[in-house]
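K.L.:
Kindly generate the corresponding structure for this input.
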Amino acid sequence: SVKTYFYINLEQYRQEGGANRPTLSIPSLKERAGDFSDWRDASGNLIPIYDPATTRVVNGVVVRDPFPGNVIPANRISPMAQEWLRYLPQPTSEGPLNNYLVPTAIPDSILGDSDYYFGRFDTYIGQKDHIHVSLWHQRAPAKFVSTLPHELANETYSDPQNSSVHRVNWDHTFSPNLLNHFTFGYLNRNEGYGSVNADAVDTLPKVAGVIGPYNVPPQISFSDGFEQWGQSSGVNIGNVTTRPTYTINDMFTWITGNHTIKIGGEYRNIGGNAHANGNQAGTFYFGSGATGILGVNSGNSVASFLL
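P.N.:
Sure thing, here's the model as predicted:
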């Protein structure tokens, strides 16, 4: 005779909102126009911005002239830089740093809103065979949340984002003192991380000299604590990582007199298939050195970017 039992379970995890609203540093409105009169040290002293076009060597020392009033003339600001600045939000407070409070809290961007599926099935066939199967699967949707406007988002999203753990057991009784236990197991985790702002690749300006075509906009990073713009991970389908793992286990048990003898073995095949297609449009880092002088507290990374 055949007797079958089963159990099915569904769990859903939902998250609305996030735990906090981070405060970021973005260029102030003055700085976007080339005015760095707000760029000061902790004592309130102006940090000078030097003109890299005036770089020269005097008596063996590299010198530069500061911009008058710490203001970069409008005709010196790069048109490409101005295109990027169009997508920045308005600061929520005064000052050059810690001046943008993100309007909404950012939720978990990976496992939030996951669904979990589990099923177990047990079958008894006659008096000698017992088979049971367990199936577990987790799946999370892609989420395109970001602290900055979408075009400048520096986060990644994951699609696919799922896991599977499955198991099959078969117990066969040859006689009251002879038993065989067979197990097959399978595990896999699939992840494909991509740049949240990948669809802005044709919206944001392209950097001259970067060979295309490419699938995401360039990544712009700054020193001085300013927030990064963009994310160079690439598109999700080009970054899929899978980890297929298979296990086969067999155990033979023989009870004879006062002794129990077990003989068995296990085979494992552990896989890891990683793919990457990031940084096709390049990563560009701006520091204060381009508008500063060595040995002097000077320069600003945003000023370097504007030039």
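
K.L.:
going forward, measure contacts and count neighbours with C-alpha atoms only.
P.N.:
Will do.

K.L.:
so where is the stretch 1-150 of the chain shaky, pLDDT-wise?
P.N.:
Within the stretch 1-150 of the chain, the stretches with pLDDT under 70 are 109.

K.L.:
can you give me the strands for it?
P.N.:
2-12, 23-24, 50-58, 61-66, 100-101, 115-125, 129-139 (DSSP state E, counting those that start in this stretch).

K.L.:
Ok, which of the ones you listed comes nearest residue 301?
P.N.:
Set against residue 301 and scored by Cα to Cα, the strands of the stretch 1-150 of the chain come closest in strand 50-58, at 11.7 Å.

K.L.:
List the buried residues for the closest one?
P.N.:
For strand 50-58, burial by neighbour count (16 or more other Cα atoms under 10 Å) applies to 50, 51, 52.

K.L.:
That strand pairs with which strands, parallel or anti?
P.N.:
Strand pairing for strand 50-58, using DSSP bridges, gives strand 61-66 (antiparallel).

K.L.:
How far off centre is the partner strand?
P.N.:
Remark: strand 61-66 is offset 41 Å from the chain centroid, using Cα atoms, centre = their mean, to the nearest Å.

K.L.:
circling back: could you provide the buried residues of strand 50-58 in TSV, with additional columns for distance to residue 162?
P.N.:
Below are those laid out as TSV (distance: Cα to Cα, whole Å):
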residue	distance to residue 162
50	51
51	52
52	51
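
K.L.:
any chance of the strands of the stretch 1-150 of the chain in JSON lines, plus distance to residue 44?
P.N.:
Output for the strands of the stretch 1-150 of the chain, formatted as JSON lines (distance: least, Cα to Cα, whole Å):
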{"stretch": "strand 2-12", "distance to residue 44": "53"}
{"stretch": "strand 23-24", "distance to residue 44": "21"}
{"stretch": "strand 50-58", "distance to residue 44": "18"}
{"stretch": "strand 61-66", "distance to residue 44": "18"}
{"stretch": "strand 100-101", "distance to residue 44": "21"}
{"stretch": "strand 115-125", "distance to residue 44": "53"}
{"stretch": "strand 129-139", "distance to residue 44": "52"}
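
K.L.:
most packed of these?
P.N.:
strand 100-101 (a mean of 20; mean count of other Cα atoms under 10 Å).

K.L.:
tell me which strands and helices that strand is in contact with?
P.N.:
Identification of packing neighbours for strand 100-101 by 3 or more Cα pairs under 8 Å, 6 or more residues apart in numbering; DSSP states H and E yields strand 23-24.

K.L.:
who touches the strand it packs on?
P.N.:
Strand 23-24 has contacts (Cα atoms under 8 Å, 6 or more residues apart in numbering) with 97, 98, 99, 100, 101, 102, 226, 227.

K.L.:
So the second one versus residue 305, what's the distance?
P.N.:
Note on residue 98: its distance to residue 305, by Cα to Cα, to the nearest Å, is 19 Å.

K.L.:
swap in the fifth one?
P.N.:
Plainly put, residue 101 is 23 Å away from residue 305 if you go by Cα to Cα.

K.L.:
And the last one, by the same measure?
P.N.:
Separation of residue 227 from residue 305 (Cα to Cα) stands at 13 Å.

K.L.:
try residue 181
P.N.:
From residue 181 to residue 305 the distance is 67 Å (Cα to Cα).

K.L.:
circling back: and residue 172, which of the strands of the stretch 1-150 of the chain is closest to it?
P.N.:
Shortest distance between residue 172 and those, using Cα to Cα, is found for strand 129-139: 4.7 Å.

K.L.:
buried stuff in whichever helix or strand comes after the closest one?
P.N.:
Elements were assigned by DSSP states H and E; along the chain past strand 129-139, the next helix or strand is strand 156-175. In terms of neighbour count (16+ other Cα under 10 Å), strand 156-175 has its buried residues at 156-172.
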